[in-house]
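[1] the following block contains a protein sequence and its predicted model.
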Amino acid sequence: MKEQPVDKMPKKRRAKKRSSGRMPGTPQSRAIVLKDKGNRALQDGDLWVARSYYSEAIEEDSENHALYSNRSLCNLKLGDFESALQDARKCIELKKDWPKGYLRLGAAQEGLMQFLEAQTTFQNGLLVDPINEPLKSALLSI
């Protein structure tokens, strides 16, 4: 009996439907899961992985200010000050009364040697939260 070549053998049918690769749930719930994964990667010092998770989370929920803030922090730590600046600006655009946005923006401006802008940003953050110690400290360090 002659054997059939491998490429001529009938293909087996798949028993289950292919996954779309998407997690179940709402976009916001998927974003929370991705944010948590990003937070764990950030705590472990794996900045590239963390940034990737935050980027995926932003694709799911582009109105979540904290995702931009977290990705901005990753970009700051990676030395990508321009990306950190863009994310911090988006964070502030989404939530003007959140002090961390100003802290991230000022730090990005410092990294870009925009010291006067950073000073103004830290001062604006203190208008939002006058007792915020990280903002006070950042302003004094310029």
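    Done, it's in.
[2] for residue 43, grab the count of nearby residues.
    Residue 43: 9 surrounding residues under other Cβ atoms under 10 Å. C-beta coordinates here come from the backbone N, C-alpha and C atoms, glycine included.
[3] roughly how far apart are it and residue 141?
    In this view, residue 43 and residue 141 are 25 Å apart by Cβ to Cβ, to the nearest Å.
[4] can you check residue 73 too?
    Remark: distance between residue 73 and residue 141 (Cβ to Cβ) = 17 Å.
[5] who has more neighbours, those two?
    residue 73 (22 against 9).
[6] for the more buried one, give its distance to residue 49.
    From residue 73 over to residue 49 (counting by Cβ to Cβ), the distance is 14 Å.
[7] kindly report the same for residue 58.
    Taken as Cβ to Cβ, the span from residue 58 to residue 49 is 15 Å.
[8] more crowded one of these two?
    When residue 58 and residue 49 are compared for neighbours, residue 58 comes out ahead with 20 against 16, by other Cβ under 10 Å.
[9] show the contacting residues for that one.
    Shown in contact with residue 58 (Cβ atoms under 8 Å, 6 or more residues apart in numbering): 31, 64, 67-68, 71.
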